[in-house]
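Trainee: just to be clear, the model below is a prediction. Sequence and coordinates:
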Amino acid sequence: MISQIAQLLIETLFSVLVYLLLLRFYMQVLRAPFRNPIGEFVTTLTNCVVRPTRRVVPGLAGIDLSSLLLAWLAEAVKIALLNSLRGLAVMPLGSAVGLVLTVAAVELLRDSLYLLIGVVFIQVILSWVSPYNEVQTALNALTRPFYRMFQRFIPPIGSIDLSPLFVLLLAQVGLILVGGLGSAVVSLF
C-alpha cells in the first residue's frame, strides 16, 4: 500500500512538473504571449528551476533549451524512481542510464502530444463558451500552427472550423507511433 501511494505521488508530482516545463518551452517556441493567466502561472511555477539552469544551458536561436532539458531530466528521474519502486531487474549502470534517458525522450514526445490534445480541447471549449477570454490569445498561439496545416485544404463548413478534429486525429496517430517507438526502444536494451 505504501508503494502504491509513493508511485502515485511520484507520478503526479513529476508529471505536473514535466507538463509545466513543456508548456513553457512550447509557449516560447510558438511565441505565445506570457502576459496572461496561463503564462504567469507557468512562469511562476517553473522559474525556480529554469532560471538557475539557464546559467548553465544557454538558449539557441531564441529557444529556451533549459526548459526542455529540465523536462527531459524530470521525466528520466520519474522513470528511474518508478522502476526502483517496482523492483525491476537491475541492469549495468551504463545500460540503465541509457535506457532511462532514451525512454524519457520517447515519453517526452508522448507528453507533448497529450499536451497538444489538452490545449486543443481547452481552446475549442473556450472558443464556444468565452471566445474573448484573455487566455484565448495564448491558446490560439499554441494551436494556430497545427490548425493552419489543415485549414489550407479544408475550409470551414457553415462557419465551423473542423481543423481541431483533424489535429486531434493526427495527435492520436502520433501517440500510436510513439507507443510503437517506445516498445522498439525497450526491446533494443
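Mentor: The structure has been received and is ready for your questions.
Trainee: spatially central residue in the chain, please.
Mentor: The centroid of the chain falls nearest to S112 when counting by Cα atoms, centre = their mean (3.2 Å).
Trainee: what sits against that one?
Mentor: Shown in contact with S112 (Cβ atoms under 8 Å, 6 or more residues apart in numbering): L22, Y26. The way it works is simple: take the backbone N, C-alpha and C, and place the C-beta from them, glycine included.
Trainee: list the residue ranges of the protein that fall below the pLDDT cut-off.
Mentor: Applying pLDDT under 70 to the chain flags residues 88-96, 187-189.
Trainee: which parts of it are strands?
Mentor: With strands called from DSSP state E, the chain shows none.
Trainee: show me the contacts for the residue sitting furthest away from the middle of it.
Mentor: Using Cα atoms, centre = their mean, the residue of the chain lying farthest from its centre is G158. It sits 32.9 Å away. Listed by Cβ under 8 Å, 6+ apart, G158 has no contact partners.
Trainee: how close does it sit to Q136?
Mentor: Distance, G158 to Q136, using Cβ to Cβ, to the nearest Å: 22 Å.
Trainee: could I get the full set of helices for the protein?
Mentor: Here the chain has its helices, by DSSP state H, at 2-29, 37-56, 65-86, 93-129, 136-151, 163-188.
Trainee: deepest-packed of the ones you listed, please.
Mentor: Most buried of the helices of the chain by mean neighbour count (mean count of other Cβ atoms under 10 Å) is helix 65-86; its value is a mean of 19.
Trainee: okay, that one in CSV with CA atoms only?
Mentor: Extracted in CSV, the C-alpha atoms of helix 65-86 (Å, rounded to 0.1, in the frame of the first residue of the first chain):
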residue,chain,number,x,y,z
LEU,A,65,16.7,24.8,-24.2
SER,A,66,16.8,24.7,-20.4
SER,A,67,13.1,24.2,-20.1
LEU,A,68,13.2,21.2,-22.5
LEU,A,69,16.3,19.8,-20.8
LEU,A,70,14.7,20.0,-17.4
ALA,A,71,11.5,18.4,-18.7
TRP,A,72,13.6,15.5,-20.1
LEU,A,73,15.6,15.1,-16.9
ALA,A,74,12.4,15.2,-14.7
GLU,A,75,10.9,12.5,-16.9
ALA,A,76,14.0,10.4,-16.6
VAL,A,77,14.0,10.8,-12.8
LYS,A,78,10.4,9.9,-12.7
ILE,A,79,11.0,6.7,-14.7
ALA,A,80,14.0,5.8,-12.6
LEU,A,81,12.1,6.3,-9.3
LEU,A,82,9.1,4.3,-10.5
ASN,A,83,11.2,1.5,-11.7
SER,A,84,13.1,1.3,-8.4
LEU,A,85,9.8,1.3,-6.5
ARG,A,86,8.5,-1.5,-8.7
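Trainee: alright, I will stop here.
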